[in-house]
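K.L.:
sharing a sequence plus its predicted fold:
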Amino acid sequence: MADKVAAERGKIRTFQRFSLEQRIQHILLVVLMIILAVTGLALMYHKTWLGALMIKIEGGVEARGYIHRTAAIAMIILCLYHVWYVIFREEGHREMMHFKIRGKDFKDFFDQLRANLGLSVMAPLYDRYSYKEKFQYWGVLVGIILMTNTGFILWFEDQALTILPKWVMDLTTIIHGYQGLILFIILFLWHVYNVHLSLPFRFNRIWLTGEISEEELKRTHPLEYERIKDSDKEQP
């Protein structure tokens, strides 16, 4: 099993947490989101000195548009592949089952809130994915769907104006711009903080290597660690 025992490296036991295919999807998502954020926010704030500078670096308004739309098409292809991966690949379907929102996630949220406020000494124990990771996954998915729909309307603005009133186009522009800003904040501030900047401070290489140490797995995902140990005991 890809998510079970991986290797012994010296005295540090590691587990294969993410497969190569999963890591490639994640890296492509990161790269495309950065391109879309930079080119999109540059247009959104084109009247500022920073926005004007970014547009100039990107080759001008027309070139910026080509870059943004090319990255958007690549993102759509990546998302369609991810849907295929989840539906038709056993590995992808298994991962999706771990991303299902359950009643425990809501309980974990309030338990973690009480722990953060000092009202409880017991923090929740997480399985393969915590409620924070699930929120990020589903939030990004919903955000991409919304960005895709509003993006197509703005892309084909002339055609859209033949069937939609002007106020809908104005609202679409606002939604597309600020939804992009929200996704940027979630991914590159909150997500990076949770993965890399929260104590203990370290550069998390799991998204590159796919491996997690036994100590890290036990600390961050104790329920998954116990499940793996129980599975090991059952094996001859």
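P.N.:
Perfect, I can see it now. Residues are numbered from 1 along each chain as shown.
K.L.:
tell me how many other residues surround Asp105.
P.N.:
19 (other Cβ atoms under 10 Å). The C-beta positions use only the backbone N, C-alpha and C, and glycine is treated the same way.
K.L.:
shouldn't it be in contact with Tyr131?
P.N.:
Yes - counting by Cβ atoms under 8 Å, Asp105 does reach Tyr131; the two are 4.0 Å apart.
K.L.:
so which strand or helix has the residue most central in space within the chain?
P.N.:
Nearest to the mean C-alpha position of the chain, by Cα atoms, centre = their mean, lies Tyr137 at 5.1 Å. Assigned by DSSP states H and E, Tyr137 falls within helix 131-155.
K.L.:
doesn't Ala72 make contact with Ile144?
P.N.:
No - the criterion here is Cβ under 8 Å, and Ile144 misses it with Ala72 at 9.9 Å.
K.L.:
shared neighbours, these two?
P.N.:
Residues touching both Ile144 and Ala72 (Cβ atoms under 8 Å, 6 or more residues apart in numbering): none.
K.L.:
following the helix or strand of the chain with the lowest mean pLDDT, which helix or strand shows up next?
P.N.:
The weakest-scoring helix or strand in the chain, judged by mean pLDDT, DSSP states H and E, is strand 5-9 (a mean of 47). As assigned by DSSP H and E, the chain's next helix or strand after strand 5-9 is strand 12-16.
K.L.:
what mean pLDDT does that following strand have?
P.N.:
Here strand 12-16 scores 84 as its mean pLDDT.
K.L.:
in PDB, list the C-alpha atoms belonging to that strand.
P.N.:
What follows is strand 12-16 as a C-alpha-only set of coordinates in PDB (Å, rounded to 0.1, in the frame of the first residue of the first chain):
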ATOM      1  CA  ILE A  12      14.400   7.400  11.000                       C
ATOM      2  CA  ARG A  13      11.500   5.300   9.800                       C
ATOM      3  CA  THR A  14       9.500   7.000   7.000                       C
ATOM      4  CA  PHE A  15       6.100   6.400   5.400                       C
ATOM      5  CA  GLN A  16       5.100   7.100   1.800                       C
END
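K.L.:
what are the buried residues along it?
P.N.:
By 16 or more other Cβ atoms under 10 Å, the buried positions in strand 12-16 come out as 14-16.
K.L.:
what does stretch 181-190 give?
P.N.:
For stretch 181-190, by 16+ other Cβ under 10 Å, it's 183-184, 187.
K.L.:
now stretch 113-127
P.N.:
124, 126-127.
K.L.:
endpoint to endpoint, that stretch covers what distance?
P.N.:
Length of stretch 113-127, first residue to last, Cα to Cα, to the nearest Å: 18 Å.
K.L.:
now swap in stretch 78-96 and tell me
P.N.:
For stretch 78-96, the end-to-end distance is 16 Å (Cα to Cα).
K.L.:
and if you look at stretch 124-138?
P.N.:
21 Å.
K.L.:
what about that stretch, distance to the chain center?
P.N.:
Here the centre of mass of C-alpha atoms in stretch 124-138, compared against the chain's by Cα atoms, centre = their mean, to the nearest Å, lies 12 Å away.
K.L.:
mean confidence for it?
P.N.:
On average, stretch 124-138 scores 91.
K.L.:
and the next helix or strand after the helix holding Tyr137, what other elements does it pack with?
P.N.:
Once helix 131-155 ends, the next helix or strand along the chain (criterion: DSSP H and E) is helix 157-161. Judged by 3 or more Cβ pairs under 8 Å, 6 or more residues apart in numbering; DSSP states H and E, helix 157-161 is in contact with helix 166-185.
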